[in-house]
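In: Attaching a predicted model along with its sequence, questions to come.
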Number of protein chains: 2
Amino acid sequence: MITTESEREASSTPPNKSSPDVATKPRHLDRPIPLLDILGEQDRRKFLEDLTEAHYGRGQYIFRQGDPADYFHIVTSGSVKCVKSSPEGKECTLKVLMPGDLFCCEAAVFDGSPHPGTAQPMGEVSVLRLSKKAYFDMLRHNPDAAIEVIKYLGNRLNEVQEQAKILALDRADQRLASLLVNLAERTGVKETLGIRLGVRLTRQDMANMVGVTTETAIRIMARFKKLRLVSGTAARLVVRDLLRLKQLAASKPA
Amino acid sequence: MITTESEREASSTPPNKSSPDVATKPRHLDRPIPLLDILGEQDRRKFLEDLTEAHYGRGQYIFRQGDPADYFHIVTSGSVKCVKSSPEGKECTLKVLMPGDLFCCEAAVFDGSPHPGTAQPMGEVSVLRLSKKAYFDMLRHNPDAAIEVIKYLGNRLNEVQEQAKILALDRADQRLASLLVNLAERTGVKETLGIRLGVRLTRQDMANMVGVTTETAIRIMARFKKLRLVSGTAARLVVRDLLRLKQLAASKPA
DNA sequence: TCCATAATATGACATTTGTCATATTATTTT
DNA sequence: AAAATAATATGACAAATGTCATATTATGGA
């Protein structure tokens, strides 16, 4: 999925807060959400009544590791970082959620355990929130919705397992190449010179996603730049040679 | 969950085959399966009709990476290795499934894409199999069953994400310590001298699970043995000091 | 019991990646 | 526009892990 043009990325930076700017009935949704489309008309109306829309900006958190898990979420615009931190303070970014992605479909929502990670907006973000109870009711009354959630979770599970495999077996440069390929395919926007990533990503962000230090990520990106595989930095990162990056990600030697 | 005594681990090694020894109506189930317990009596009867039980031994495969995904599975006895291999031949073991675990709840079962990994019995194993269609029907007619699957998938997702974090951030010895703690808690059997793991695990197996070479796993295990954290080898691996292993897994320095 | 094979062990060395220090260049904010 | 901060860059060196070679010990099957 490489769209050909569609940007948001508001650059205003509101001060640090920990609750959403607004929480209202949802207005218009940017793009179709499979889960919502599945619901019948009457269910959909009932369901939408329980949904609230929340907006977040830079420096805020949607929720933090250890917080109680009370809501099921759907991203409607912008992107969301899922981060886990270890007791000693090191951080790892596990996933960048895009519009249409669900989160907290999980066990935590059912059994009252706290969030196993932090959800952080990357720029301006809107999400739909559904209370634990309403989510549960929806699943119970809508087998098709439940199946949709099962499919989503199954895909996510496969995805993370692939990611774990990459972390376990591949070198730093291959892991970085995999990340760039993945983000280019999931969020990329075609341009004359290549594929521009749809998310702002510093070398530090990349480092956190592939389990290396920032210095290592910088050195490898410098090499990739020299090889004309990529160009640009955080705000405007362009993948210039998707094919060769893919080959690098799958190759044996250095 | 550390049971106090309950072993199987048949030691006979039938020759390499790629189809189950038998596929019959399930007889008696070793332990309760939450998913089955949820179904009402009549649903349960109908459901059980579609279930077949299959048995596998050493050297066989339940399915292999790339095979078409036609069945949903439940482990009823023994343990199953989930393995992924990269194009260059390196392998990574992502999970050891125990009785009660579900597998192939996933998207692959629905949309016709092939198995993203291999499922391999560790010793003698029995699984229940349900055809894609019957599984789908069950989910559609049993909201509670669908919710159970969602819970299961959610737990698995959290688990793999935790694993990915560990692979991304921790040193080899910490990853190995985490693995031992995890297996001791999930499969361990209490003994006078510690907790014996309920699965046969060579240093090579461990290496594949934490993304290091066999040599590194051997060296680290030798260190652990010297520190009296563990004892024994593959067939009889004992965790002697769970607490210190946990501390090691969570500590900052060497 | 013996043999064949699998598993564990260990050393020497190469490679990869991390750490720390210090610049340089972008980007925000005032 | 200037100042402050964040991001990128680079070198020197240390530490962790991999590679390859070669033993030694354990285990399962004839």
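Out: Structure received.

In: Residue ranges in the stretch 101-250 of chain A under the pLDDT threshold?
Out: For the stretch 101-250 of chain A, the stretches with pLDDT under 70 are A:107-109.

In: The same query, at a cut-off of 90, please.
Out: For the stretch 101-250 of chain A, the stretches flagged by pLDDT under 90 are A:105-112, A:132-133.

In: Chain B contacts on that one?
Out: Contact residues, the stretch 101-250 of chain A versus chain B (C-beta under 8 Å from any C-beta of the partner chain): A:105-111, A:116-117, A:136, A:139-141, A:143-144, A:146-147, A:149-151, A:153-158, A:160-165, A:167-170, A:210-211, A:250. Just so you know, the C-beta spots here come from the backbone N, C-alpha and C atoms, and that holds for glycine as well.

In: Now the buried members of those residues.
Out: Neighbour-count burial (16 or more other C-beta atoms under 10 Å in any protein chain shown) applied to these gives A:105-110, A:116-117, A:136, A:139, A:143, A:146-147, A:149-151, A:153-154, A:156-158, A:160-165, A:167-170, A:210-211.

In: ok, how many other residues are close to residue A:186?
Out: Neighbours of residue A:186 under the rule other C-beta atoms under 10 Å in any protein chain shown: 15.

In: before we move on, which element is it in?
Out: Per DSSP states H and E: residue A:186 is located in helix A:172-187.

In: tell me what that helix is packed against?
Out: Applying 3 or more C-beta pairs under 8 Å, 6 or more residues apart in numbering or on different chains; DSSP states H and E, we find helix A:172-187 packed against strand A:91-97, helix A:143-169, helix A:203-210, helix A:214-226, strand A:238-239, helix A:242-250.

In: Spatially central residue for chain A, please.
Out: residue A:97 (1.7 Å; C-alpha atoms, centre = their mean).

In: sorry, back to before: what does the helix holding residue A:186 rub up against?
Out: Outside helix A:172-187, the residues within contact range by C-beta atoms under 8 Å, 6 or more residues apart in numbering or on different chains are A:1-2, A:79, A:96, A:98, A:166-167, A:170, A:195, A:197-199, A:201, A:206, A:209-212, A:216-217, A:220-221, A:223-224, A:229-230, A:239, A:242, A:245-246, A:248-251, A:254.

In: between that helix and helix A:203-210, how many degrees?
Out: Orientation of helix A:172-187 against helix A:203-210 (axes from the mean of the first three to the mean of the last three C-alpha atoms, to 10 degrees) gives an angle of 100 degrees.

In: For the next helix or strand after helix A:172-187, which residues meet the burial criterion?
Out: Using DSSP H and E, the next helix or strand after helix A:172-187 towards the C-terminus is strand A:189-191. Neighbour-count burial for strand A:189-191, counted by 16+ other C-beta under 10 Å, picks out residue A:189.

In: was I right about residue A:202 contacting residue A:232?
Out: No - look at residue A:202 against residue A:232 with C-beta atoms under 8 Å: they stay out of range, at 11.7 Å.

In: Can you tell me the closest non-neighbouring residue to residue A:100?
Out: Of all residues not flanking residue A:100 in the chain, residue A:33 sits nearest, at 5.7 Å (C-beta to C-beta, 6 or more residues apart in numbering or on different chains).

In: Spell out which parts of the stretch 101-250 of chain A neighbour DNA strand D.
Out: Within the stretch 101-250 of chain A, the positions adjacent to DNA strand D are A:202-204, A:214-215, A:218-219, A:221-222, A:225, A:233-234 by C-beta under 7 Å from any atom of the strand.

In: Could you rerun that using 10 Å?
Out: A:168-169, A:171, A:200-207, A:213-226, A:231-237 (C-beta under 10 Å from any atom of the strand).

In: now those: which count as buried?
Out: Counted by 16+ other C-beta under 10 Å, those give A:168-169, A:171, A:200-201, A:203, A:205-207, A:216-218, A:220-221, A:224, A:232, A:237 as buried.

In: Which ones among those residues also lie next to DNA strand C?
Out: Among these, DNA strand C is touched by A:171, A:200, A:207, A:216-218, A:220, A:232 when using C-beta under 10 Å from any atom of the strand.

In: ok, residue A:88 - contacts?
Out: By C-beta under 8 Å, 6+ apart, residue A:88 lies in contact with B:250-252.

In: what do you get if the cut-off is 10 Å, keeping everything else the same?
Out: B:169-170, B:250-253 (C-beta atoms under 10 Å, 6 or more residues apart in numbering or on different chains).

In: which one of those is nearest residue B:52?
Out: residue B:170 (41.2 Å; C-beta to C-beta).

In: Who are the contact partners of that closest one?
Out: Contact partners of residue B:170, counting by C-beta under 10 Å, 6+ apart, are A:86, A:88, A:90, A:92, A:211, B:176-178, B:210, B:249-251.

In: ok, 8 Å please
Out: Residues near residue B:170 by C-beta under 8 Å, 6+ apart: A:86, B:178, B:249.

In: cool, and residue A:64?
Out: Applying C-beta under 8 Å, 6+ apart to residue A:64 gives the contacts A:115, A:118.

In: Could you give the backbone dihedrals for it?
Out: In terms of degrees, to the nearest 10, the main-chain angles of residue A:64 are phi -120, psi 150.

In: From DNA strand D, how far out is residue A:124?
Out: Residue A:124 sits 16 Å away from DNA strand D, going by C-beta to the nearest atom of the strand, to the nearest Å.

In: What is the subsequent helix or strand relative to whatever helix or strand that residue lives in?
Out: Using DSSP H and E, residue A:124 maps to strand A:118-131. As assigned by DSSP H and E, the chain's next helix or strand after strand A:118-131 is helix A:132-141.

In: And that next one, how far out from the chain middle?
Out: Counting by C-alpha atoms, centre = their mean, to the nearest Å, helix A:132-141 is centred 24 Å from the centre of its parent chain.

In: again, but for stretch A:90-107
Out: 5 Å.

In: No further queries at this time; thank you.
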